[in-house]
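A.B. asks: What follows is a protein structure lacking sequence information:
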């Protein structure tokens, strides 16, 4: 049976199988937000992008939301520097996710679980909401799993997560998996093609898959951890893949109450099958 340890490289916590040397992935934080990067298949191929030139705030596997309103205060937690232009609306009332230094690190049978406290601060550095972020990087028989859960508490007053396309948990997909490189987007009920097959609709899962020369198929799948929820999904051919519960309606959290959401991401080698997807979607 494998055992796992955390190898720290600067501010990145890498999860490594001590028996085989296999790296599952890593998590860390910059000044503006915490996120997961890298994230590897069992064969060692990365399936997410740290950031894109045109969207420098799409960081690996991440949480984002904009706008967020508490009383008469409002801040955006989707964009983060560097800026893209002087007029970009994503940078209005820009807040940041202040990741606290102390992180709980718990090894378990198949990997490592991280729990961190994150304070969402407005542009004046005043706290807007409190979050507990849980990241569980672990291995399964035919894949690498990242379970990310975000528990946001309205500690400073009733909080409104306004209706927006900029919201919740998602990933920036590795370019080699995208349709522009010959990849496909997959969803339940044998849906296959470009992002339009699942964009703004419901699905048990969404995946990006392609063939890697000399290796064969590989890909990344995402599914919502609450099995009573199947969407909506915000999916783009350029690699933004997001579960967005605020796509259709705003969500209001009374003071001192908590809104919890969670996603599972699976990096895999080989072709996706219905049986594999069903196994990974079973929590």
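C.D. replies: Everything's here; your move. Since we're looking at a predicted model, the values are computed, not measured. Numbering: from 1, shown residues only.
A.B. asks: so what pLDDT did the residue most central in space within the chain get?
C.D. replies: Using C-alpha atoms, centre = their mean, the residue of the chain that lies closest to the mean C-alpha position is residue 61, 3.1 Å off. Per-residue pLDDT puts residue 61 at 98.
A.B. asks: shaky segments in the chain?
C.D. replies: Applying pLDDT under 70 to the chain flags residues 1, 283.
A.B. asks: one more time with 80
C.D. replies: 1-2, 283 (pLDDT under 80).
A.B. asks: mind listing the helices in it by residue range?
C.D. replies: 274-281 (DSSP state H).
A.B. asks: Identify the bridge partners of the residue nearest to the centre of the chain.
C.D. replies: residue 36, residue 171 (DSSP bridges).
A.B. asks: how close does it sit to residue 269?
C.D. replies: 19 Å (C-beta to C-beta, to the nearest Å). In this view, the C-beta of every residue, glycine as well, is placed from N, C-alpha and C.
A.B. asks: Ok, residue 177 next?
C.D. replies: 12 Å.
A.B. asks: Likewise for residue 192?
C.D. replies: For residue 192, the distance to residue 269 - C-beta to C-beta - is 19 Å.
A.B. asks: how many neighbours does the closest residue to residue 79 other than its chain neighbours have?
C.D. replies: In this structure, residue 79 finds its nearest non-sequential neighbour in residue 90, 3.5 Å apart by C-beta to C-beta, 6 or more residues apart in numbering. The number of residues packed around residue 90, counting by other C-beta atoms under 10 Å, is 17.
A.B. asks: next one: the one 3 residues further on
C.D. replies: Using other C-beta under 10 Å, residue 93 has 17 other residues around it.
A.B. asks: Could you find the closest non-adjacent residue to it?
C.D. replies: residue 75 (5.0 Å).
A.B. asks: So that neighbour is in contact with residue 92, correct?
C.D. replies: No - the criterion here is C-beta atoms under 8 Å, and residue 75 misses it with residue 92 at 9.4 Å.
A.B. asks: Between the two, which has more neighbouring residues?
C.D. replies: Using other C-beta under 10 Å as the criterion, residue 75 and residue 92 rank with residue 75 on top: 23 against 14.
A.B. asks: hang on, the earlier thing: could you verify my assumption that the residue nearest to residue 79 touches residue 77?
C.D. replies: No - the criterion here is C-beta under 8 Å, and residue 90 misses it with residue 77 at 10.4 Å.
A.B. asks: intersection of neighbour lists for these two?
C.D. replies: residue 66 (C-beta atoms under 8 Å, 6 or more residues apart in numbering).
A.B. asks: Give me the outermost residue of the chain relative to its centroid.
C.D. replies: residue 72 (29.1 Å).
A.B. asks: State the phi and psi torsions of that residue.
C.D. replies: phi -100, psi 10 (degrees, to the nearest 10).
A.B. asks: circling back: give the bridge partners for the residue nearest to residue 93, please.
C.D. replies: residue 68.
A.B. asks: now do residue 243
C.D. replies: The partner residues for residue 243, given DSSP bridges, come to residue 169, residue 233.
A.B. asks: who are the neighbours in contact with it?
C.D. replies: Counting by C-beta under 8 Å, 6+ apart, residue 243 has contacts 168, 169, 170, 222, 224, 231, 232, 233, 234, 261, 263.
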